[in-house]
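Undergrad: only geometry, no sequence info:
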């Protein structure tokens, strides 16, 4: 847990970003719960997973926001959140892509441990004040990170090629959100390496993480819902 040393304007900006992140996650949680029965039974577990993801994120954002209001920032809450929600994001995507059950099981066996390894390897560098340590764990975490992106983008492209019309468009949109959003995290992670005393970079890091989380969880959940609804309509 670190003490926050920001000027008034920068403090307010980060405070408001964390508040906004909390509100979005909790609002998305309620919305996804109302949408579970709007899709075919085969895809309801994916929408339920989306609700769980934003619900967990909303709780952790509330804890980060509350601590920040008292002048402290606990990055452990982010990593606890990611450790639970990132595997769920992978699982919900595989459900709505229509991946065959046998292949889905094989992908989950490979990808879920990779997500855990990615988060676990990133945390020691995140909390370290030594740049060498940060670079080391960033590089180690990038190995499972790149593997996960490679596998998921391949499955998304394969699914898009199998489909047409609204389903294909929804999958392509989800692919774009996935690739763009996930690339924010390793960049924001390195901001303290560039200049650990820079208030501007710290603000960018916190706001960047928050925007990326909103996009990767709430907006991504909407993309998953869109794919599930498109598949439901096509099957009906």
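TA: Thanks, I have the structure now. Owing to the predicted nature of the structure, the values given are computational and were not obtained by experimental measurement.
Undergrad: Now do the same for whichever helix in the chain runs longest: mean pLDDT, whole number.
TA: If you go by DSSP state H, the chain has its longest helix at helix 131-162. Helix 131-162 shows an average pLDDT of 89 in the prediction.
Undergrad: buried set for that helix?
TA: 134, 137-138, 140-141, 144-145, 147-148, 151-152, 155-156, 159-160 (16 or more other C-beta atoms under 10 Å). To be clear about C-beta, it is placed using only N, CA and C from the backbone, and glycine gets the same treatment.
Undergrad: Regarding stretch 215-224, how distant is the last residue from the first?
TA: 12 Å (C-alpha to C-alpha, to the nearest Å).
Undergrad: Just read off the phi/psi values of residue 74.
TA: phi -110, psi 100 (degrees, to the nearest 10).
Undergrad: wait, isn't it in contact with residue 65?
TA: No: contact criterion C-beta atoms under 8 Å: residue 74 and residue 65 do not qualify, at 10.8 Å.
Undergrad: higher neighbour count, those two?
TA: Counted by other C-beta atoms under 10 Å, residue 74 and residue 65 do not tie: residue 65 has more neighbours, with 21 against 17.
Undergrad: Check the offset of whichever strand or helix holds that one from the chain's centre.
TA: Using DSSP states H and E, residue 65 maps to helix 44-69. Using C-alpha atoms, centre = their mean, to the nearest Å, the mean C-alpha position of helix 44-69 is found 11 Å from that of the whole chain.
Undergrad: what's the answer for stretch 167-187, then?
TA: 11 Å.
Undergrad: Would you tell me what the next helix or strand after the worst-scoring helix or strand of the chain on mean pLDDT is?
TA: The weakest-scoring helix or strand in the chain, judged by mean pLDDT, DSSP states H and E, is strand 2-3 (a mean of 55). Using DSSP H and E, the helix or strand that follows strand 2-3 in sequence is helix 8-35.
Undergrad: What mean pLDDT does that next one get?
TA: Helix 8-35 comes out at a mean pLDDT of 95.
Undergrad: Hey, what's the angle from it to helix 44-69? Just curious.
TA: Counting by axes from the mean of the first three to the mean of the last three C-alpha atoms, to 10 degrees, helix 8-35 lies at 160 degrees to helix 44-69.
Undergrad: Which elements pack onto helix 8-35?
TA: Helix 8-35 sits against helix 44-69, helix 199-213, helix 220-235, with contacts defined as 3 or more C-beta pairs under 8 Å, 6 or more residues apart in numbering; DSSP states H and E.
Undergrad: For the ones you listed, could you give me a markdown table that also reports mean pLDDT?
TA: Converted to a markdown table, those look like this (pLDDT from 0 to 100):
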| stretch | mean pLDDT |
| --- | --- |
| helix 44-69 | 94 |
| helix 199-213 | 90 |
| helix 220-235 | 88 |
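Undergrad: Ok, which of the ones you listed comes nearest residue 176?
TA: Across the helices and strands packed on helix 8-35, residue 176 has its closest neighbour in helix 220-235 (9.1 Å, C-beta to C-beta).
Undergrad: ok, and what's touching that closest one?
TA: Residues outside helix 220-235 that contact it (C-beta atoms under 8 Å, 6 or more residues apart in numbering): 28, 32, 35, 38-40, 43, 46-47, 50-51, 53-54, 89, 92-93, 96-98, 165-167, 169-171, 173-174, 177-178, 181.
Undergrad: related to what we said a few turns ago, can you tell me which of the buried residues of helix 131-162 is nearest residue 123?
TA: Looking across the buried residues of helix 131-162 and measuring by C-beta to C-beta, the closest to residue 123 is residue 137, at 7.8 Å.
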